[in-house]
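> Mind looking at a prediction? Sequence and model below.
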Amino acid sequence: MITNFFISELNNHDVQELWFQQDGATCPTARATIDLLKDTFGERLILRFGPVNWRPRSCDLTRLDCFLWGYIKSLVYADKPQTLDHLEDNIRRVIADIRPQMLEKVIEN
């Protein structure tokens, strides 16, 4: 997949200007994959133990992970749902109750 699609698609762009960010998940960190990414991106590679070390839970990298998902999770689990139906109801309620102003602030900050 990475060679047949991703790398071949990169050839249609100026890779000298692109950075690659791998979010720290361990599944796509096989040695062959990392070597291919290093060959392609050189020092413009953000990953665990890479040229630029990926910072877990970095607010600079993802606003949703930094605040919104944690906020939603705290509300969903506040009453300790005991069934899947209860959990699903909580998720629907919490999502429906999010005000547009809150989303705007998440995006702006």
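It's in. Numbering: from 1, shown residues only.
> So in this protein, which helix runs the longest?
Longest among the helix segments of the chain by residue count, using DSSP state H, is helix 84-97.
> tell me the mean pLDDT for that one?
Here helix 84-97 scores 96 as its mean pLDDT.
> Go ahead and produce PDB holding the CA coordinates of the helix or strand just after it.
Toward the C-terminal end, the helix or strand that comes next after helix 84-97 (DSSP states H and E) is helix 100-108. As requested, the backbone C-alpha atoms of helix 100-108 are provided in PDB (Å, rounded to 0.1, in the frame of the first residue of the first chain):
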ATOM      1  CA  PRO A 100     -21.400  25.800  17.800                       C
ATOM      2  CA  GLN A 101     -19.600  28.500  19.800                       C
ATOM      3  CA  MET A 102     -17.600  25.800  21.600                       C
ATOM      4  CA  LEU A 103     -16.600  24.200  18.300                       C
ATOM      5  CA  GLU A 104     -15.500  27.700  17.000                       C
ATOM      6  CA  LYS A 105     -13.400  28.200  20.100                       C
ATOM      7  CA  VAL A 106     -11.800  24.700  19.700                       C
ATOM      8  CA  ILE A 107     -10.900  25.600  16.100                       C
ATOM      9  CA  GLU A 108      -9.600  29.100  16.900                       C
END
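> And helix 100-108, how far out from the chain middle?
When C-alpha coordinates are averaged (Cα atoms, centre = their mean, to the nearest Å), helix 100-108 and its chain have centres 18 Å apart.
> And for stretch 32-39?
20 Å.
> what comes up buried for that stretch?
Buried residues in stretch 32-39, counting neighbours by 16 or more other Cβ atoms under 10 Å, are found at 34, 37-38. C-beta: built from backbone N, CA, C; applies to glycine.
> State the mean pLDDT of it.
Per-residue pLDDT values over stretch 32-39 give a mean of 84.
> Next: stretch 8-28.
Stretch 8-28 comes out at a mean pLDDT of 74.
> same check, this time on stretch 49-68
Model confidence over stretch 49-68, given as mean pLDDT, is 67.
> on that earlier part again, could you name the helices and strands sitting against the longest helix of the chain?
helix 69-76 (3 or more Cβ pairs under 8 Å, 6 or more residues apart in numbering; DSSP states H and E).
> That concludes my questions; thank you for your assistance.
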